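# Okay, sequence plus prediction incoming.
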Amino acid sequence: MRPSIAGMIGATLLGAGFMGAPPQPRHPNVLLIVADDLNNDLGTYGHPLVKSPNLDRLAARGFRFDRAYNQFPLCSPSRVSLLTGLRPDTTRIHDLQTDFRTVLPTVVTLPQMFRGNGYFVARVGKIYHYGNPDQIGTSGLDDPASWDVFVNPRGIDKDEEGQLTNFTPTRGLGSALAYYASPAADAEHTDGKVAAETIALLEKNKDRPFFIGAGFYRPHCPFIAPRKYFDLYPLDTIPAPAASPASRAPPAAWFTTPPHWGISEQAQRESIRAYYASTSFLDANVGRVLDALDRLRLTDTTIVVFLSDHGYHLGEHGQWMKQTLFERSARAPLIVAGPGISSNGRSTSRIVEFLDIYPTLADLAGVRPPQGLQGRSLTPLLKNPHAKWDHPALTQVRRGPAASAYMGYSIRTEKWRYTEWDNGKRGVELYNEVDDPHEDNNLAADVKHQHVVVDMQRLLRRTNGR
């Protein structure tokens, strides 16, 4: 399918039994903006270096969740969990290849819920998983039943891959520390096209209720962005990752082995710079969409949700990218703005999960969600950031080849992170997130903390239904 509005193809309609009456005027629009591999290094989250003025202004008029956690720090499992409202052990999506419809053929996804309530529903770019960068311009593991219309942009960054500086050439480009400062204009890149196509959909459908997903590709590697965004970050301002003391974490805890994949400190700094350049490029394109909402007078009637599918390591503990159960991988940005949401830049430090987004949007839009969702509505926190909220976050990740794979599970409360690998047979971790926010000191074997280990183990099993 051509990546343009003219080439859009409507997906299969839902069964008539699920289709409801058109929504009443009081129902707000929804714009779901999803970044790929973005961590919390943003101005609004207090980062001293990263320039993200557009996400900062979104947070300033909305609500920021300071401790939001994904369910599985890998693209497809995380996105499927978010869009079905079900934990990865329920969806049984633990990899990048399995279509969730082969496991849950009748599940009602988040966009399907809105489609069944009379909304126009569309996506641009990566909402469900497909390989970045290999499958850019295709539908990948998309779910046709979720959309009336879909668009798969493809930009000049696909043609520039041969120009990359690649510090890890033995790794595939979708998991490589590689970058290119492009001479091409913003609009020529895939993310520039995502912004343009999203704006076209807003213009075309501004007079009817809509749910539109805008799936951006940055800052996912390879880090390709226009040169002007690299110029925002002179290399001499980029510190190398701080050396962390040994955390006594078990071998299963590590994704990047050997540490930093053996690349030099200079290469580490160049990679961080390229990641931040890609983040600012993402921010600029999000800003174009937000400007369009203002121009079309949709800002006051549209719920905007911005998030990333998971966090991202930039050398902490020698780790890069995702697929760990440390804070840096499990935590991700989540910002909500729009009707019914505080407009004075409030935030909460309560622990929330991405599972909570589905029931929250149903609640805010006044539509009835399907039964069996495993998250809870965040509207009490949107009304009062300090409301009583005693719900932990559960994140998991798989290790090893499929035939002999085992799981790691991590439970996060406001004070503690407790992690078990292979039900504890391959290691246990306990971190005091108040006194040790960088997770340098594993307290699991400390006799003085055994009562905490026991309590957290019980909480993990109760939350995970085991």
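Arrived safely, thanks for sending.
# in the stretch 201-350 of the chain, which spans are strands?
Counting by DSSP state E, counting those that start in this stretch, the segments of the stretch 201-350 of the chain that form strands are 210-219, 223-226, 302-308, 313-314, 320-321, 331-337, 346-353.
# Now for the residue positioned nearest the centre of the chain: which residues touch it?
Centroid-nearest residue in the chain, with Cα atoms, centre = their mean: residue 309, separated by 1.7 Å. Residue 309 makes contacts with 34-37, 70, 75, 78-79, 82, 332, as judged by Cβ atoms under 8 Å, 6 or more residues apart in numbering. Where you see a C-beta, it was placed from the backbone N, CA and C, and this is true even at glycine.
# Next, the buried residues of stretch 141-152.
For stretch 141-152, the buried set under the neighbour-count rule, 16 or more other Cβ atoms under 10 Å, comprises 141-143, 145-152.
# what bridges to the residue lying closest to residue 278 once chain neighbours are set aside?
The spatial neighbour of residue 278 that comes closest, neighbours along the chain excluded (Cβ to Cβ, 6 or more residues apart in numbering), is residue 219 at 3.5 Å. With DSSP bridges as the criterion, residue 219 is bridged to residue 36.
# Quick check: buried residues in the lengthiest helix in the chain?
Determined from DSSP state H, the single longest helix within the chain is helix 265-295. Neighbour-count burial for helix 265-295, counted by 16+ other Cβ under 10 Å, picks out 267-290, 292-293.
# can you check stretch 418-438 too?
For stretch 418-438, the neighbour count (16+ other Cβ under 10 Å) marks 418-422, 426-431, 433, 438 as buried.
# From those, which land in strands?
418-421, 428-431 (DSSP state E).
# Let me know the average pLDDT across stretch 101-108.
Summarised as a single mean, pLDDT over stretch 101-108 is 97.
# now do stretch 444-455
pLDDT averaged over stretch 444-455 gives 97.
# tell me the most buried of the strands of the stretch 201-350 of the chain?
Ranked by mean neighbour count, the strands of the stretch 201-350 of the chain are led by strand 223-226 with a mean of 28 (mean count of other Cβ atoms under 10 Å).
# helices or strands up against that one?
Applying 3 or more Cβ pairs under 8 Å, 6 or more residues apart in numbering; DSSP states H and E, we find strand 223-226 packed against strand 178-182, helix 265-295.
# Let me see the ranges of the helices in the stretch 351-466 of the chain.
357-365, 379-383, 450-463 (DSSP state H, counting those that start in this stretch).
# if we can go back for a sec, what score does the residue nearest to the centre of the chain have for pLDDT?
In this model, residue 309 is scored at 98, pLDDT.
# could the helices and strands packed on strand 223-226 go into CSV alongside distance to residue 379 and mean pLDDT?
CSV is the format used below for the helices and strands packed on strand 223-226 (distance: least, Cβ to Cβ, whole Å; pLDDT from 0 to 100):
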stretch, distance to residue 379, mean pLDDT
strand 178-182, 41, 98
helix 265-295, 22, 98
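# so which of the ones you listed gets nearest residue 28?
Residue 28 sits nearest to helix 265-295 of all the helices and strands packed on strand 223-226, at 12.1 Å, using Cβ to Cβ.
# quick one, that closest one and strand 331-337 angle?
Going by axes from the mean of the first three to the mean of the last three Cα atoms, to 10 degrees, helix 265-295 is angled at 20 degrees with respect to strand 331-337.
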